[in-house]
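Engineer: What shape does this take:
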Amino acid sequence: MTQTAEQLTPSAKDAICDALDQSVAETAVATMLARNFHRNVTGMAFGALHDLFQKIYHDHFAAQDDLAERVKALGGHAEGQLAGMLKRSKVGEHDGHAKAEIMIETLAKAQETVAATLAGTAAVAEEHDDLLTQELAIARGQVHEKFAWLLRAHLG
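Structural biologist: Have a look, this model is predicted:
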């Protein structure tokens, strides 16, 4: 039976918040990665990539709030420090000095990583009958998979 935030046990809330925190951290780092590449991309595909990278970081910026607000709804603490997010994230930073193809590959891999993390978050939520978190994580995972596909389409 689906449970509301108030019906979840403290251990269920902790497990779900931990999974959400991982999702927030990776989304935050992927946001900055896309923004960095947006600022630094050059070459023949500049216009298309500049716009795509901007679309990605705008999407991710809003998503960070959605995920962090779910943490708060469950009574958790939403990480707000970049250092903490970088330490936790499986998505890494990049200095932005790269050809467009490397930027695309790097950001596509980041999208796949975040999608996988969100799938894991959905599984944890499902285990604890938290349908609201499960659906949020699935919807976000689908967005990241689509961005990975859009990026990889630029590579041919």
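Engineer: per-residue confidence for Glu6?
Structural biologist: Glu6 carries a pLDDT value of 83.
Engineer: how many neighbours does it have?
Structural biologist: Using other Cβ atoms under 10 Å, Glu6 has 9 neighbouring residues. The way it works is simple: take the backbone N, C-alpha and C, and place the C-beta from them, glycine included.
Engineer: Point out the other helices and strands that whichever helix or strand Glu69 is part of packs with.
Structural biologist: Per DSSP states H and E, Glu69 falls inside helix 46-73. Helices and strands touching helix 46-73, by 3 or more Cβ pairs under 8 Å, 6 or more residues apart in numbering; DSSP states H and E, are helix 10-40, helix 100-127, helix 131-153.
Engineer: which outside residues touch the last one?
Structural biologist: Contacts of helix 131-153 with the rest of the structure, by Cβ atoms under 8 Å, 6 or more residues apart in numbering, involve 2, 4-5, 16, 19-20, 23, 27, 30, 52, 56, 59, 63, 66-67, 70, 74, 104, 107-108, 111-112, 114-116, 118-119, 121-122, 125-126.
Engineer: And those residues, which of them are buried?
Structural biologist: By neighbour count, with 16 or more other Cβ atoms under 10 Å, the contacts of helix 131-153 hold 5, 16, 19-20, 23, 27, 30, 52, 56, 59, 63, 67, 70, 74, 104, 107-108, 111-112, 114-115, 118-119, 121-122, 125 as buried.
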